[in-house]
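Trainee: missing the sequence, but the structure's below:
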């Protein structure tokens, strides 16, 4: 049983799966594109994560 858990942990560790500020993704940094439009409204477009983690209650 220990061998199976170790193999799963190893595969999960080297699979390119990262925990960033917004959740679990294949990118270490969350590549959000932040910009203001012509009317001065702030926008933040972030690519989708595999699992989103809510940080606010």
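Mentor: Looks like it arrived, so ask away. Treat the numbers as computed from the prediction; the structure is a model and nothing was measured. Numbers count the residues shown, from 1 in each chain.
Trainee: Pull the number of nearby residues for the residue nearest to residue 46 when sequence neighbours are not counted.
Mentor: Spatially, and ignoring its direct neighbours in sequence, residue 46 is nearest to residue 32 (4.2 Å; C-beta to C-beta, 6 or more residues apart in numbering). (C-beta placed from N, C-alpha, C; glycine too.) Neighbours of residue 32 under the rule other C-beta atoms under 10 Å: 12.
Trainee: Then the one 3 residues further on?
Mentor: For residue 35, the number of neighbouring residues by other C-beta under 10 Å comes to 9.
Trainee: Tell me the pLDDT of it.
Mentor: Note on residue 35: pLDDT of 95.
Trainee: Residue 35 in helix, strand or coil?
Mentor: strand (DSSP: H, G, I helix; E, B strand; the rest coil).
Trainee: where do the helices sit along the chain?
Mentor: Counting by DSSP state H, the chain has helices at residues 2-13.
Trainee: so where's it uncertain?
Mentor: 12-22, 26-30, 50, 53, 55-57 (pLDDT under 70).
Trainee: what about the strands in it?
Mentor: Taking DSSP state E, the strands of the chain run over residues 18-19, 23-25, 33-36, 42-45, 51-52.
Trainee: Residue 8 is nearest to which of those strands?
Mentor: strand 23-25 (15.6 Å; C-beta to C-beta).
Trainee: Given that closest one, what are its sheet partners and their directions?
Mentor: Using DSSP bridges, the strands paired with strand 23-25 are strand 18-19 (antiparallel), strand 51-52 (antiparallel).
Trainee: Neighbours of residue 5, how many?
Mentor: For residue 5, using other C-beta under 10 Å, the count is 9.
Trainee: For it, give its distance to residue 31.
Mentor: To residue 31, residue 5 is 32 Å away according to C-beta to C-beta, to the nearest Å.
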